[in-house]
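Engineer: Just need the structure, nothing else, for what follows:
(one chain, ligands or ions: 1)
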Amino acid sequence: MRTLVTGGAGFLGSHLCERLVRDGHEVICLDNFFSGKRANVAHLRGHPNFEIVLHDIVNPILLEVDRIYHLACPASPVHYQYNPVKTIKTSVMGTINMLGLAKRVKARILLTSTSEVYGDPQEHPQTESYWGHVNPIGVRSCYDEGKRVAECLMMDYHRQNNVDIRIVRIFNTYGPRMAINDGRVVSNFCVAALRGENLEIYGDGKQTRSFAYVDDLIEGLLRMMETPDLTGPVNIGNPDEFTILELASLAIELAHSSSKLKYMPARPDDPVRRRPDISMARKYLNWEPATPLRKGLSSTMEAFRHELGGEDPGH
Ligand SMILES: NC(=O)c1ccc[n+]([C@@H]2O[C@H](COP(=O)([O-])OP(=O)(O)OC[C@H]3O[C@@H](n4cnc5c(N)ncnc54)[C@H](O)[C@@H]3O)[C@@H](O)[C@H]2O)c1
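Structural biologist: Numbers count the residues shown, from 1 in each chain. Sure thing, here's the model as predicted:
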């Protein structure tokens, strides 16, 4: 099986490439290295089944492949708000280009959409049938609305051109190789705790999030891709809810740090609660997360500790 992974040098993409190569696939990792980096896939270079292509998906490309995992899109607010117009171009034009490719070579294509399509949800937990509560003109819109259009494009290519599609809505995922500076809560807390710096809490810290460990998420993506006749969308995430304060204290404990909490004003359009309903994933993919937060966060902390070069936690 020849498999294309767009965004393959990013956090999730690099784990996906690794798993696909291990499972015997021929993998093409396509990336423009905007938020991803070569170091994430350095260990795969030289493997006979692995190839890196430097390409920006806002431009079309022709490759002979059987499967397309379409991940390319900056995922953290720091990255996607750096150049919002480029972000929405990546989601819209990039997805059109990948769907065009899938149509032409008759490949099956999976889009990694996001829980952000639910916006600041008014239903808890979120099922796939919930249409969301999204601000179309806010600072997150380039990402949220970009993904909503990407989902629309997937469905329209499916209905109009019979393209074989899969849509997955990913909820917060964490693990080794998250970028140190990506501004997401798990990386922020791990890095701050390891450095003995204050952990910044936006708002009162009682907003909840669910955190899925990367290995569980990758397993969900593979199952979705290979399940026949299931277009989705299907939520993939961990339904266990934790407050930001709980996450902060676990990070401090696992880093053996004496960091303190620092309260900051709430961020605009920051959802109060978000938690997946994963009944569909359980039923159709026979999938559910297997890694408890403490275990996953501990491996993630180790990876950050290694990357920070063994900096001592401040006391
Ligand atoms: N990590 C999460 O918690 C999460 C949650 C929901 C959805 N997702 C989705 O999963 C996918 C991967 O997320 P991630 O966390 O690995 O993010 P990431 O930023 O680490 O990876 C994205 C990759 O896409 C590449 N890329 C960006 N724009 C591109 C372009 N125009 N052309 C080619 N490559 C481009 C980046 O260089 C990077 O390697 C994204 O589509 C994201 O929306 C992730």
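
Engineer: Name the helix or strand of this structure that has the lowest mean pLDDT.
Structural biologist: None of the helices or strands of the chain scores lower by mean pLDDT, DSSP states H and E than strand 208-210, at a mean of 87.

Engineer: Which positions in that one come out as buried?
Structural biologist: 208-210 (16 or more other C-beta atoms under 10 Å). The way it works is simple: take the backbone N, C-alpha and C, and place the C-beta from them, glycine included.

Engineer: Next: stretch 46-58.
Structural biologist: Buried residues in stretch 46-58 (16+ other C-beta under 10 Å): 49-52, 55-58.

Engineer: and the ligand, which of the residues you listed contact it?
Structural biologist: 56-58 (C-beta under 6 Å from any ligand atom).

Engineer: hang on, isn't residue 65 packed against residue 107?
Structural biologist: Yes - if you go by C-beta atoms under 8 Å, residue 65 and residue 107 touch, sitting 5.1 Å apart.

Engineer: Now for those two: what residues contact both?
Structural biologist: 4, 101 (C-beta atoms under 8 Å, 6 or more residues apart in numbering).

Engineer: Using JSON lines, please lay out the buried residues of stretch 46-58 together with pLDDT and secondary structure.
Structural biologist: Shown next, in JSON lines, are those (pLDDT from 0 to 100; DSSP: H, G, I helix; E, B strand; the rest coil):
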{"residue": "49", "pLDDT": "97", "secondary structure": "coil"}
{"residue": "50", "pLDDT": "98", "secondary structure": "strand"}
{"residue": "51", "pLDDT": "98", "secondary structure": "strand"}
{"residue": "52", "pLDDT": "98", "secondary structure": "strand"}
{"residue": "55", "pLDDT": "98", "secondary structure": "coil"}
{"residue": "56", "pLDDT": "98", "secondary structure": "coil"}
{"residue": "57", "pLDDT": "98", "secondary structure": "coil"}
{"residue": "58", "pLDDT": "98", "secondary structure": "coil"}
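
Engineer: Reformat those residues as CSV; add distance to residue 37.
Structural biologist: Shown next, in CSV, are the buried residues of stretch 46-58 (distance: C-beta to C-beta, whole Å):
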residue, distance to residue 37
49, 21
50, 16
51, 17
52, 11
55, 16
56, 16
57, 17
58, 20
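
Engineer: Residues of the stretch 51-200 of the chain that sit close to the ligand?
Structural biologist: 56-58, 71-75, 79, 90, 94, 112, 114, 170, 172-173.

Engineer: Return the item of these having minimum pLDDT.
Structural biologist: Least confident of these in the model: residue 172, at 91.

Engineer: ok, now which ones touch that one?
Structural biologist: Residue 172 touches 115, 184-186, 209-212, 237, 274, counting by C-beta under 8 Å, 6+ apart.

Engineer: In helices, which of those appear?
Structural biologist: 185-186 (DSSP state H).

Engineer: Looking at the contacts of residue 172, which is nearest residue 281?
Structural biologist: Using C-beta to C-beta, residue 237 comes nearest to residue 281 of the contacts of residue 172, at 8.6 Å.

Engineer: what sits against that closest one?
Structural biologist: 115, 169-173, 210, 212, 217, 275-276, 278, 289.

Engineer: In stretch 131-138, which residues are buried?
Structural biologist: Applying 16+ other C-beta under 10 Å to stretch 131-138 flags 132, 134 as buried.

Engineer: what does the least confident helix or strand of the chain contact?
Structural biologist: Residues contacting strand 208-210 (C-beta under 8 Å, 6+ apart): 171-172, 185, 237-244, 247, 272-276.

Engineer: So for the helix or strand hosting residue 109, could I get the coordinates as CSV, restricted to C-alpha?
Structural biologist: Here residue 109, judged by DSSP states H and E, is contained in strand 108-114. Extracted C-alpha coordinates of strand 108-114, given in CSV (Å, rounded to 0.1, in the frame of the first residue of the first chain):
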residue,chain,number,x,y,z
ARG,A,108,-9.1,6.9,-0.3
ILE,A,109,-8.6,10.1,1.6
LEU,A,110,-8.9,10.8,5.4
LEU,A,111,-9.2,14.4,6.7
THR,A,112,-8.1,15.2,10.2
SER,A,113,-10.7,17.7,11.1
THR,A,114,-11.0,19.0,14.6
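
Engineer: No more questions from me, cheers.
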